[in-house]
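*Asks:* Got a predicted model here, sequence first, then my questions.
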Amino acid sequence: MSVFLQPLQTVTVGSGGASSVTFSNIPQTYTDLLIKISARATIAAISDSIAIYPNGSSSNLSETYIQGNGSSASSFRDSYCVVRTSGSSATSNTFSNSEIYIPNYTSSNYKSMILESTAENNATTEYFGLGAGLWSNTAAITSLQLYQLSGTNFVQYSEFSLYGILRQGI
Amino acid sequence: MSMYPIASITAPNSTTYGQVEFANIPQNFTHLQLRVFARSTASGTSTIGNGMIFNGLANPNTYNSHSLNGDGSSATSSAAGYYNILQYSPYLPASGANSNVFGVQIWDILDYTNTNKNKTVRCIGGFDNNGSGNVALTSGLWLNTSAITDIILNVSGTYFAQYSTFQLYGITTA
(Lines give C-alpha, C1' and ligand atoms only; values in the text may rest on other atoms or scores of the structure.)
Protein backbone atom coordinates (compact mmCIF):
# COMPACT_ATOMS: atom_id res chain seq x y z
CA MET A 1 0.00 0.00 0.00
CA SER A 2 1.40 3.35 -0.91
CA VAL A 3 0.27 6.32 1.11
CA PHE A 4 0.07 10.01 0.58
CA LEU A 5 1.09 11.91 3.70
CA GLN A 6 -0.32 15.41 3.68
CA PRO A 7 0.51 17.91 6.45
CA LEU A 8 -2.79 19.41 7.63
CA GLN A 9 -2.14 21.48 10.75
CA THR A 10 0.72 22.24 13.12
CA VAL A 11 0.52 23.80 16.57
CA THR A 12 3.66 25.09 18.26
CA VAL A 13 3.13 26.25 21.83
CA GLY A 14 4.28 29.80 22.56
CA SER A 15 6.01 31.32 25.55
CA GLY A 16 2.85 31.43 27.66
CA GLY A 17 2.26 27.69 27.47
CA ALA A 18 -1.05 26.06 26.62
CA SER A 19 -3.53 23.95 28.54
CA SER A 20 -4.67 22.05 25.47
CA VAL A 21 -4.21 21.77 21.73
CA THR A 22 -7.08 21.42 19.27
CA PHE A 23 -7.13 20.39 15.64
CA SER A 24 -10.43 21.68 14.27
CA ASN A 25 -12.24 21.30 10.97
CA ILE A 26 -10.30 18.20 10.00
CA PRO A 27 -10.87 17.54 6.28
CA GLN A 28 -12.94 14.44 5.60
CA THR A 29 -11.13 13.62 2.38
CA TYR A 30 -8.39 11.34 3.71
CA THR A 31 -8.55 7.75 4.90
CA ASP A 32 -6.30 7.91 7.99
CA LEU A 33 -4.86 10.47 10.39
CA LEU A 34 -1.38 10.66 11.90
CA ILE A 35 -0.26 12.93 14.74
CA LYS A 36 3.37 13.50 15.69
CA ILE A 37 3.97 15.04 19.12
CA SER A 38 7.12 16.54 20.65
CA ALA A 39 5.92 17.90 24.00
CA ARG A 40 6.73 18.65 27.59
CA ALA A 41 4.39 19.53 30.49
CA THR A 42 4.65 21.68 33.58
CA ILE A 43 3.64 18.86 35.92
CA ALA A 44 6.10 18.36 38.79
CA ALA A 45 6.95 14.81 37.75
CA ILE A 46 9.16 13.17 35.18
CA SER A 47 6.20 12.18 33.05
CA ASP A 48 2.51 12.72 32.44
CA SER A 49 -0.06 11.48 29.95
CA ILE A 50 -1.58 13.33 27.01
CA ALA A 51 -5.18 12.28 26.46
CA ILE A 52 -6.76 12.51 23.03
CA TYR A 53 -10.44 13.49 22.83
CA PRO A 54 -12.05 12.87 19.41
CA ASN A 55 -14.67 15.52 18.65
CA GLY A 56 -14.07 16.86 22.16
CA SER A 57 -15.44 13.70 23.74
CA SER A 58 -13.89 12.17 26.86
CA SER A 59 -16.44 9.36 26.86
CA ASN A 60 -16.36 5.86 25.41
CA LEU A 61 -12.58 5.77 25.25
CA SER A 62 -10.48 2.76 26.19
CA GLU A 63 -6.91 1.61 25.73
CA THR A 64 -4.82 -1.52 26.18
CA TYR A 65 -1.28 -0.50 26.99
CA ILE A 66 2.15 -2.05 27.36
CA GLN A 67 4.68 0.08 29.20
CA GLY A 68 8.34 0.05 30.15
CA ASN A 69 9.94 2.16 32.84
CA GLY A 70 13.60 1.26 32.39
CA SER A 71 13.42 -1.49 35.02
CA SER A 72 10.31 -3.52 34.35
CA ALA A 73 7.50 -4.02 31.85
CA SER A 74 3.78 -4.02 32.54
CA SER A 75 0.48 -4.04 30.69
CA PHE A 76 -2.83 -2.54 31.75
CA ARG A 77 -6.11 -1.13 30.50
CA ASP A 78 -7.32 2.42 30.85
CA SER A 79 -10.41 4.52 30.20
CA TYR A 80 -8.44 7.08 28.18
CA CYS A 81 -6.37 6.97 25.03
CA VAL A 82 -3.02 8.43 26.01
CA VAL A 83 0.59 8.92 25.06
CA ARG A 84 3.33 9.78 27.52
CA THR A 85 4.88 13.23 27.76
CA SER A 86 7.88 14.60 29.63
CA GLY A 87 7.28 16.53 32.87
CA SER A 88 9.24 19.31 34.53
CA SER A 89 11.25 16.84 36.63
CA ALA A 90 12.61 15.16 33.53
CA THR A 91 15.96 16.25 32.14
CA SER A 92 15.72 19.88 31.08
CA ASN A 93 15.13 20.71 27.42
CA THR A 94 13.93 17.16 26.84
CA PHE A 95 10.61 16.61 25.08
CA SER A 96 8.54 13.50 24.44
CA ASN A 97 8.48 11.72 21.10
CA SER A 98 5.05 10.30 20.28
CA GLU A 99 2.84 9.27 17.42
CA ILE A 100 -0.87 8.47 17.12
CA TYR A 101 -2.23 6.68 14.06
CA ILE A 102 -6.00 6.67 13.47
CA PRO A 103 -7.16 4.67 10.42
CA ASN A 104 -10.62 5.05 8.90
CA TYR A 105 -11.43 8.19 10.87
CA THR A 106 -14.46 9.02 8.71
CA SER A 107 -16.01 5.55 8.77
CA SER A 108 -19.20 4.64 10.61
CA ASN A 109 -17.36 2.00 12.65
CA TYR A 110 -15.81 2.56 16.05
CA LYS A 111 -12.42 4.27 15.79
CA SER A 112 -9.35 2.19 16.55
CA MET A 113 -5.95 3.77 16.96
CA ILE A 114 -2.33 2.93 17.77
CA LEU A 115 -0.40 5.17 20.16
CA GLU A 116 3.42 5.05 20.51
CA SER A 117 5.32 7.25 22.91
CA THR A 118 8.48 7.87 24.82
CA ALA A 119 9.18 10.49 27.48
CA GLU A 120 12.96 10.35 27.67
CA ASN A 121 14.87 11.17 30.83
CA ASN A 122 18.57 11.00 31.55
CA ALA A 123 18.11 8.38 34.26
CA THR A 124 17.11 4.76 34.59
CA THR A 125 13.44 5.66 35.02
CA GLU A 126 11.59 6.75 31.92
CA TYR A 127 8.03 5.91 30.89
CA PHE A 128 7.36 4.74 27.37
CA GLY A 129 5.02 2.33 25.69
CA LEU A 130 2.56 1.23 23.07
CA GLY A 131 -1.20 1.54 23.25
CA ALA A 132 -4.08 0.11 21.26
CA GLY A 133 -6.91 2.60 21.64
CA LEU A 134 -10.59 2.63 20.84
CA TRP A 135 -13.23 5.34 20.68
CA SER A 136 -16.54 3.46 20.77
CA ASN A 137 -18.39 5.97 18.64
CA THR A 138 -19.49 5.77 15.01
CA ALA A 139 -19.22 9.50 14.25
CA ALA A 140 -16.62 10.73 11.81
CA ILE A 141 -13.76 12.50 13.55
CA THR A 142 -13.86 16.19 12.71
CA SER A 143 -11.71 17.53 15.56
CA LEU A 144 -9.11 16.26 18.01
CA GLN A 145 -8.28 17.78 21.37
CA LEU A 146 -5.14 16.96 23.32
CA TYR A 147 -4.95 17.54 27.08
CA GLN A 148 -2.53 16.79 29.87
CA LEU A 149 -4.39 14.37 32.11
CA SER A 150 -2.95 16.19 35.13
CA GLY A 151 -4.49 19.46 33.98
CA THR A 152 -1.11 21.12 33.71
CA ASN A 153 0.17 23.05 30.71
CA PHE A 154 2.26 22.22 27.68
CA VAL A 155 5.47 24.25 27.72
CA GLN A 156 6.91 26.49 25.03
CA TYR A 157 8.25 24.70 21.93
CA SER A 158 5.89 21.75 22.36
CA GLU A 159 4.84 20.86 18.85
CA PHE A 160 1.88 18.91 17.47
CA SER A 161 1.67 17.99 13.78
CA LEU A 162 -1.43 16.51 12.12
CA TYR A 163 -1.24 14.64 8.82
CA GLY A 164 -3.83 13.15 6.51
CA ILE A 165 -3.02 9.87 4.82
CA LEU A 166 -4.61 8.87 1.56
CA ARG A 167 -4.45 5.25 0.54
CA GLN A 168 -3.83 4.43 -3.08
CA GLY A 169 -7.02 3.88 -5.02
CA ILE A 170 -9.13 6.22 -2.90
CA MET B 1 3.39 15.12 -0.20
CA SER B 2 5.42 15.74 2.91
CA MET B 3 7.69 12.72 3.19
CA TYR B 4 10.76 12.85 1.00
CA PRO B 5 13.57 10.32 0.51
CA ILE B 6 16.88 11.90 1.53
CA ALA B 7 19.35 9.06 1.11
CA SER B 8 19.57 5.28 0.89
CA ILE B 9 22.46 2.96 1.71
CA THR B 10 22.69 -0.75 0.87
CA ALA B 11 25.46 -3.04 2.07
CA PRO B 12 27.11 -4.50 -1.06
CA ASN B 13 28.61 -7.40 0.89
CA SER B 14 29.08 -8.51 4.49
CA THR B 15 32.56 -7.11 5.01
CA THR B 16 32.27 -3.42 4.16
CA TYR B 17 29.87 -1.68 6.49
CA GLY B 18 30.66 -1.89 10.17
CA GLN B 19 28.85 1.41 10.24
CA VAL B 20 26.76 3.47 7.88
CA GLU B 21 26.62 7.24 7.89
CA PHE B 22 24.11 9.80 6.68
CA ALA B 23 26.09 13.02 6.40
CA ASN B 24 25.03 16.53 5.45
CA ILE B 25 21.42 15.91 6.38
CA PRO B 26 19.26 18.71 4.93
CA GLN B 27 17.91 21.15 7.51
CA ASN B 28 14.69 22.03 5.74
CA PHE B 29 12.45 19.31 7.21
CA THR B 30 10.80 19.12 10.64
CA HIS B 31 11.08 15.42 11.35
CA LEU B 32 13.23 12.52 10.20
CA GLN B 33 12.34 8.88 9.75
CA LEU B 34 14.93 6.17 9.30
CA ARG B 35 13.88 2.76 8.01
CA VAL B 36 16.28 -0.12 8.53
CA PHE B 37 16.25 -3.62 7.06
CA ALA B 38 19.36 -5.29 8.41
CA ARG B 39 21.22 -8.29 9.69
CA SER B 40 24.50 -8.50 11.59
CA THR B 41 27.50 -10.76 11.01
CA ALA B 42 27.93 -11.19 14.78
CA SER B 43 27.96 -14.70 16.18
CA GLY B 44 24.80 -16.14 17.72
CA THR B 45 21.18 -16.00 16.64
CA SER B 46 20.71 -12.32 17.46
CA THR B 47 22.65 -9.34 18.60
CA ILE B 48 21.79 -6.19 20.42
CA GLY B 49 20.86 -3.78 17.70
CA ASN B 50 22.89 -1.13 16.04
CA GLY B 51 24.14 1.82 18.01
CA MET B 52 23.57 5.40 16.91
CA ILE B 53 25.78 8.50 17.04
CA PHE B 54 24.71 12.03 16.13
CA ASN B 55 26.91 14.62 14.46
CA GLY B 56 29.92 12.36 14.93
CA LEU B 57 29.96 13.15 18.65
CA ALA B 58 30.69 10.11 20.81
CA ASN B 59 31.26 11.99 24.04
CA PRO B 60 30.96 10.18 27.38
CA ASN B 61 27.73 10.54 29.37
CA THR B 62 25.78 12.18 26.57
CA TYR B 63 23.45 9.37 25.49
CA ASN B 64 20.74 7.51 27.35
CA SER B 65 18.42 4.88 25.97
CA HIS B 66 15.63 2.61 27.15
CA SER B 67 14.14 -0.61 25.84
CA LEU B 68 10.82 -2.41 26.14
CA ASN B 69 11.53 -5.85 24.81
CA GLY B 70 9.61 -9.06 24.13
CA ASP B 71 11.09 -12.41 23.14
CA GLY B 72 7.93 -14.41 22.59
CA SER B 73 7.60 -15.52 26.19
CA SER B 74 8.13 -12.50 28.41
CA ALA B 75 8.53 -8.74 28.35
CA THR B 76 11.28 -6.72 30.00
CA SER B 77 12.40 -3.12 30.24
CA SER B 78 15.89 -1.81 30.77
CA ALA B 79 18.00 1.33 30.57
CA ALA B 80 21.46 2.13 29.24
CA GLY B 81 22.53 5.48 30.61
CA TYR B 82 25.59 7.69 30.49
CA TYR B 83 27.04 6.17 27.34
CA ASN B 84 29.02 7.71 24.51
CA ILE B 85 26.61 6.22 21.99
CA LEU B 86 22.88 5.60 21.83
CA GLN B 87 23.09 2.02 22.95
CA TYR B 88 19.64 0.46 22.60
CA SER B 89 17.82 -0.40 19.44
CA PRO B 90 15.72 -3.45 18.57
CA TYR B 91 17.71 -6.65 18.21
CA LEU B 92 18.99 -7.71 14.81
CA PRO B 93 19.30 -11.28 13.55
CA ALA B 94 22.91 -12.43 13.44
CA SER B 95 24.91 -15.07 11.59
CA GLY B 96 23.31 -17.90 13.56
CA ALA B 97 19.79 -16.90 12.51
CA ASN B 98 18.02 -18.63 9.66
CA SER B 99 19.27 -17.66 6.23
CA ASN B 100 17.65 -14.66 4.61
CA VAL B 101 16.13 -13.38 7.86
CA PHE B 102 16.54 -9.64 8.39
CA GLY B 103 15.35 -7.33 11.13
CA VAL B 104 13.17 -4.27 10.60
CA GLN B 105 13.38 -0.95 12.44
CA ILE B 106 11.52 2.33 12.04
CA TRP B 107 13.13 5.29 13.80
CA ASP B 108 11.35 8.61 14.33
CA ILE B 109 13.43 11.65 15.18
CA LEU B 110 11.19 14.66 15.88
CA ASP B 111 12.10 18.34 15.61
CA TYR B 112 15.67 17.46 14.68
CA THR B 113 16.69 21.06 13.88
CA ASN B 114 15.18 22.70 17.00
CA THR B 115 18.04 24.08 19.07
CA ASN B 116 15.82 24.47 22.14
CA LYS B 117 15.48 20.73 22.54
CA ASN B 118 17.69 17.82 23.37
CA LYS B 119 17.13 15.22 20.70
CA THR B 120 14.91 12.23 21.38
CA VAL B 121 14.28 9.22 19.18
CA ARG B 122 11.68 6.47 19.19
CA CYS B 123 12.04 3.15 17.39
CA ILE B 124 9.92 0.07 16.89
CA GLY B 125 11.44 -3.02 15.41
CA GLY B 126 12.38 -6.63 15.65
CA PHE B 127 12.66 -9.87 13.75
CA ASP B 128 11.09 -13.29 13.69
CA ASN B 129 13.29 -16.34 13.14
CA ASN B 130 10.55 -18.97 12.73
CA GLY B 131 10.72 -20.33 16.24
CA SER B 132 12.42 -17.49 18.03
CA GLY B 133 12.52 -13.76 17.70
CA ASN B 134 12.47 -10.43 19.39
CA VAL B 135 10.38 -7.28 19.24
CA ALA B 136 11.06 -3.95 20.93
CA LEU B 137 10.09 -0.36 21.44
CA THR B 138 13.19 1.65 22.21
CA SER B 139 13.76 5.30 22.99
CA GLY B 140 16.87 7.38 23.10
CA LEU B 141 18.08 10.73 24.36
CA TRP B 142 21.05 12.73 23.10
CA LEU B 143 21.94 15.42 25.63
CA ASN B 144 22.63 18.03 23.02
CA THR B 145 20.42 20.77 21.58
CA SER B 146 22.32 21.06 18.31
CA ALA B 147 20.53 20.41 15.07
CA ILE B 148 21.20 16.90 13.80
CA THR B 149 23.31 17.02 10.67
CA ASP B 150 24.83 13.55 10.69
CA ILE B 151 23.69 10.09 11.81
CA ILE B 152 25.93 7.04 12.19
CA LEU B 153 24.63 3.54 12.82
CA ASN B 154 27.10 0.86 13.78
CA VAL B 155 27.29 -2.75 14.83
CA SER B 156 30.26 -2.79 17.14
CA GLY B 157 33.02 -5.13 16.05
CA THR B 158 30.99 -6.75 13.29
CA TYR B 159 29.36 -5.82 10.00
CA PHE B 160 25.95 -5.28 8.53
CA ALA B 161 25.24 -8.25 6.28
CA GLN B 162 24.90 -7.99 2.52
CA TYR B 163 21.55 -6.58 1.39
CA SER B 164 21.05 -4.62 4.62
CA THR B 165 19.41 -1.34 3.63
CA PHE B 166 19.06 2.00 5.40
CA GLN B 167 16.70 4.67 4.15
CA LEU B 168 16.43 8.19 5.54
CA TYR B 169 13.35 10.35 4.94
CA GLY B 170 12.56 13.97 5.73
CA ILE B 171 9.05 14.94 6.81
CA THR B 172 7.61 18.44 6.60
CA THR B 173 4.77 19.99 8.59
CA ALA B 174 1.92 22.32 7.72
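*Replies:* Ah, there it is.

*Asks:* what does chain B put close to chain A?
*Replies:* Taking Cβ under 8 Å from any Cβ of the partner chain as the criterion, chain B approaches chain A at residues B:1-3, B:30-31, B:64, B:66-69, B:75-79, B:81-82, B:108-111, B:114, B:116-118, B:120-122, B:124, B:137, B:139-141, B:143, B:145, B:171-174. In this view, the C-beta of every residue, glycine as well, is placed from N, C-alpha and C.

*Asks:* And those residues, which of them are buried?
*Replies:* Buried residues within the residues of chain B next to chain A, counting neighbours by 16 or more other Cβ atoms under 10 Å in any protein chain shown: B:2-3, B:30-31, B:64, B:66-69, B:75, B:77-79, B:81, B:108-111, B:114, B:117-118, B:120-122, B:124, B:137, B:139-141, B:143, B:171-173.

*Asks:* Which of the residues of chain B next to chain A fall in strands?
*Replies:* Among these, the residues falling in strands (DSSP state E) are B:3, B:31, B:64, B:66-69, B:75-79, B:81-82, B:108-109, B:120-122, B:124, B:137, B:139-141, B:171.

*Asks:* what ranges of chain B fall below the confidence cut-off?
*Replies:* B:1 (pLDDT under 70).

*Asks:* Low-confidence bits of chain A, can you list those?
*Replies:* Residue ranges of chain A with pLDDT under 70: A:1-3, A:168-170.

*Asks:* That one: helices as residue ranges?
*Replies:* Counting by DSSP state H, one finds no helices in chain A.

*Asks:* show me where it has strands.
*Replies:* Counting by DSSP E, residue ranges of the strands within chain A are A:3-12, A:20-23, A:32-38, A:47-54, A:61-68, A:73-78, A:82-86, A:97-103, A:111-119, A:127-135, A:144-148, A:159-167.

*Asks:* Is the first one positioned near chain B?
*Replies:* This points to strand A:3-12. Yes - under the criterion of Cβ under 8 Å from any Cβ, chain B is reached by strand A:3-12 at A:4-10.

*Asks:* Next one: the most far-flung residue of chain B relative to its centre relative to B:Gly18, how far apart?
*Replies:* Within chain B, the residue lying farthest from the chain centre (Cα atoms, centre = their mean) is B:Ala174, at 27.0 Å. The gap separating B:Ala174 from B:Gly18 is 40 Å, by Cβ to Cβ, to the nearest Å.

*Asks:* what does B:Gly56 give?
*Replies:* Going from B:Gly56 to B:Gly18 by Cβ to Cβ gives 15 Å.

*Asks:* same deal with A:Ala123?
*Replies:* Distance from A:Ala123 to B:Gly18, by Cβ to Cβ: 31 Å.
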